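>>> Need coordinates for the following:
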Amino acid sequence: MSVDIVMRTKDRPVFLARALDDVLAQTFTDWRLTIVNDGGDPELVDEAVGHRSELTDRTEVIHLPESLGRGGAIDRGVGACTSELIVWHDDDDTWHPEFLARTTAFLDSSDADAVAVRTEIVWEQVHSDRVVETGREIFHPLMLEPTFFDMLRFNHVVPIALVYRRSVHDRIGGVDPRLMAASDWEFYLRLWAQGTVGFIDEVLAYWHQRRECDQEARFRYDRRVRDEAVRDYVQRHGAGELLYLAKYVDERTGDLH
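Numbers count the residues shown, from 1 in each chain. Coordinates of the predicted model:
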């Protein structure tokens, strides 16, 4: 089984260098890398790739003249994929060296449409041209497995932790290019609703976070995804149930206060 890795980046050479080395450190070697430079300086990306001869024959770089945002950039990268399996590798995240080996082996012996792994959050700070780790914690340590119920609340599986079959796009559609944020979660909602997702309960993915990161875009697009789903539901079933539930929850919350 071969894997297409889609990596979005924009003017973050320190993170990009780490991400490229992370891909090269995988024990599984049957992969192709597509880097989508989302409106950033082309020279920074070309230089990072050019300094790693192992990437020369297995990497495609797509330079976008203007930023399309997360959804549009990932959609463009996925469109260039030809392998049976696809994974999104954000330029600031990393894997355990066995990540691709374990996930591809799981899907090779399973009929699942995708597989997720246990994830660890790595807290860090950026100081000029270096990154300093400040702590670690397991992402949702009490989660037994990522269910559709969990995903309806909020995204319990970040892109660095999921590998899926390319055939999924034929059934559920691709990444929504309109979403500047939360495009992964919206795609996963359709995947969990219509497909099967396995789970490897072992930390094989590392989600790197900085406390100063702006979460406003994610909050905004989270609400837009939910609003569109509510509108679709109302068009099919009317607003009665939702009007009742909205008021019931509001009143019960008032009782608690």
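>>> report the longest helix in this protein, please.
Using DSSP state H to assign secondary structure, the helix with the most residues in the chain is helix 216-237.
>>> Now do the helix or strand following that helix: which elements does it pack against?
Next along the chain after helix 216-237, taking DSSP states H and E as the criterion, comes helix 240-256. Applying 3 or more C-beta pairs under 8 Å, 6 or more residues apart in numbering; DSSP states H and E, we find helix 240-256 packed against helix 216-237. The C-beta positions use only the backbone N, C-alpha and C, and glycine is treated the same way.
>>> and the helix it packs on with helix 240-256, angle?
Angle between the axes of helix 216-237 and helix 240-256 is 130 degrees (criterion: axes from the mean of the first three to the mean of the last three C-alpha atoms, to 10 degrees).
>>> give the contact list for the spatially most central residue of the chain.
Central residue of the chain (C-alpha atoms, centre = their mean): Pro159, 2.1 Å from the mean position. By C-beta atoms under 8 Å, 6 or more residues apart in numbering, the residues touching Pro159 are Val87, Trp88, His89, Asp90, Asp93, Asp184.
>>> Excluding sequence neighbours, find me the nearest residue to Ala25.
Pro97 (5.2 Å; C-beta to C-beta, 6 or more residues apart in numbering).
>>> Might you report the residue contacts of that neighbour?
Counting by C-beta under 8 Å, 6+ apart, Pro97 has contacts Ala25, Gln26, Thr27.
>>> Any of the residues you listed buried? List them.
Buried members of these, counted by 16 or more other C-beta atoms under 10 Å: Gln26.
>>> Turn the contacts of Pro97 into JSON lines, including distance to Ala239 and secondary structure.
Putting the contacts of Pro97 into JSON lines (distance: C-beta to C-beta, whole Å; DSSP: H, G, I helix; E, B strand; the rest coil) gives the following:
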{"residue": "Ala25", "distance to Ala239": "52", "secondary structure": "coil"}
{"residue": "Gln26", "distance to Ala239": "49", "secondary structure": "coil"}
{"residue": "Thr27", "distance to Ala239": "53", "secondary structure": "coil"}
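>>> what's around Trp88, how many residues?
25 (other C-beta atoms under 10 Å).
>>> Closest one of the contacts of Pro97 to Val3?
Gln26 (9.2 Å; C-beta to C-beta).
>>> any idea how far Tyr244 is from the residue nearest to Ala25?
Counting by C-beta to C-beta, to the nearest Å, the gap from Pro97 to Tyr244 is 52 Å.
>>> do the same with Trp185
Per C-beta to C-beta, Trp185 is found 27 Å from Tyr244.
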